[in-house]
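In: this is the structure alone, sequence omitted:
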């Protein structure tokens, strides 16, 4: 699977975890040069607290377009150290 935004591959892995229709990429599969930590946090009733990254590619920013669960609940432990995407990020084979 590949995650693409603004014409660049921002993550690529053959080993994603699918939860609620979202592909979660292993942390080591992301191109960290495109990720900046965000102060945004949200809470999922069953996964726990999500943290976000803003994507920066070729001078363009996509705020909070990637998220992860640093300490997911036991029900979501399979997505620990994984990152998922939205806000125009294309996830494809």
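Out: Right, received. Where do you want to start? Bear in mind that the values here come from a model prediction, so they are computed numbers and not experimental data.
In: ok, which stretches of this structure are strands?
Out: All strands of the chain, identified by DSSP state E, fall at 2-5, 8-12, 17-19, 22-26, 35-44, 48-57, 60-68, 82-85, 90-92.
In: please identify the deepest-packed of those strands.
Out: strand 82-85 (a mean of 24; mean count of other C-beta atoms under 10 Å). From N, CA and C alone the C-beta is placed, and that goes for glycine too.
In: remind me what it packs against, helices and strands.
Out: With contacts taken as 3 or more C-beta pairs under 8 Å, 6 or more residues apart in numbering; DSSP states H and E, strand 82-85 sits against strand 8-12, strand 22-26, strand 60-68.
In: just send the strands of the chain back as a markdown table, with mean pLDDT too.
Out: Listed next are the strands of the chain as a markdown table, based on pLDDT from 0 to 100:
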| stretch | mean pLDDT |
| --- | --- |
| strand 2-5 | 98 |
| strand 8-12 | 98 |
| strand 17-19 | 98 |
| strand 22-26 | 98 |
| strand 35-44 | 98 |
| strand 48-57 | 98 |
| strand 60-68 | 98 |
| strand 82-85 | 98 |
| strand 90-92 | 98 |
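In: of all those, which one is nearest residue 74?
Out: strand 48-57 (9.5 Å; C-beta to C-beta).
In: on that earlier part again, same list (the helices and strands packed on strand 82-85) but as CSV, adding distance to residue 49.
Out: Below are the helices and strands packed on strand 82-85 laid out as CSV (distance: least, C-beta to C-beta, whole Å):
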stretch, distance to residue 49
strand 8-12, 21
strand 22-26, 15
strand 60-68, 10
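In: and those strands: which comes nearest residue 43?
Out: With C-beta to C-beta as the measure, strand 60-68 is the member of those nearest residue 43 (11.7 Å).
In: from the chain's centre, how far out does the closest one sit?
Out: 8 Å (C-alpha atoms, centre = their mean, to the nearest Å).
In: that one packs against which elements?
Out: Counting contacts by 3+ C-beta pairs under 8 Å, 6+ apart, strand 60-68 packs against strand 35-44, strand 48-57, strand 82-85.
In: alright, I will stop here.
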